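Student: coords please:
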Amino acid sequence: QVQLVESGGGLVQAGGSLRLSCAASRLNIIDYTMGWFREAPGKEREFVAGINWNGETIYYIDSVKGRFAISRDNEKNTVTLQMSSLKSEDTAEYFCAAESGRTTTQIMSSRSYDYWGQGTQVTVSS
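Tutor: Now for the predicted structure:
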């Protein structure tokens, strides 16, 4: 079965950095749009960043622009979210997701994604 496995979460002080990775198995990500979402306690899951199949189209929510960077390595079948200048409000469970199709018009919608990872916790202390 398809698996997306996130890693790299942890506890970091405000202003610090973390690098999240998502490794896919039984799925060739080259045929998928990939996204990162997060879910904080008591809040709905929200889109963070998304990238199309070749990395030429990237979207971020406004609150992470200039601080987060999404990238992908189709040969290694991995997606990465580099997070810098972390803030306490970035604290959440972070999820990797895959949407079938190299391009999409609904990259920010969680309902568009077909596969999800189990999540990795990011905690930013102030």
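
Student: gap between T104 and T33?
Tutor: T104 sits 5 Å away from T33, taking Cβ to Cβ, to the nearest Å as the criterion. (C-beta placed from N, C-alpha, C; glycine too.)

Student: ugh, wrong one, P41
Tutor: 28 Å.

Student: who has more neighbours out of the two?
Tutor: Between P41 and T33, T33 has the larger neighbour count (other Cβ atoms under 10 Å), namely 25 against 7.

Student: what is the more buried one paired to in the beta sheet?
Tutor: E99 (DSSP bridges).

Student: ok, it touching A97?
Tutor: No: T33 lies out of contact with A97 (Cβ atoms under 8 Å); the separation is 9.0 Å.

Student: hmm, who's touching whatever helix or strand T80 lives in?
Tutor: Following DSSP states H and E, one finds T80 within strand 78-83. Strand 78-83 is contacted from outside by 17-24, 29, 34, 36, 48-49, 51, 64, 67-73, 90, 94, 96, 122, using Cβ atoms under 8 Å, 6 or more residues apart in numbering.

Student: report the buried residues of that strand.
Tutor: Of the residues in strand 78-83, T78, V79, T80, L81, Q82, M83 count as buried by neighbour count, 16 or more other Cβ atoms under 10 Å.

Student: tell me the pLDDT of T104.
Tutor: At T104, the pLDDT value in this model is 82.

Student: count residues in the vicinity of it, would you?
Tutor: Neighbours around T104, by other Cβ under 10 Å: 20.

Student: do you know how far it is from D114?
Tutor: 11 Å.

Student: same check, this time on S17
Tutor: 30 Å.

Student: try Q82
Tutor: From Q82 over to D114 (counting by Cβ to Cβ), the distance is 25 Å.

Student: ok, G55 next?
Tutor: Applying Cβ to Cβ to G55 and D114 gives a distance of 20 Å.

Student: what's the separation between the closest residue to M34 other than its chain neighbours and C22?
Tutor: Nearest non-adjacent residue to M34, counting by Cβ to Cβ, 6 or more residues apart in numbering: V79, 4.6 Å away. Using Cβ to Cβ, V79 is found at 4 Å from C22.
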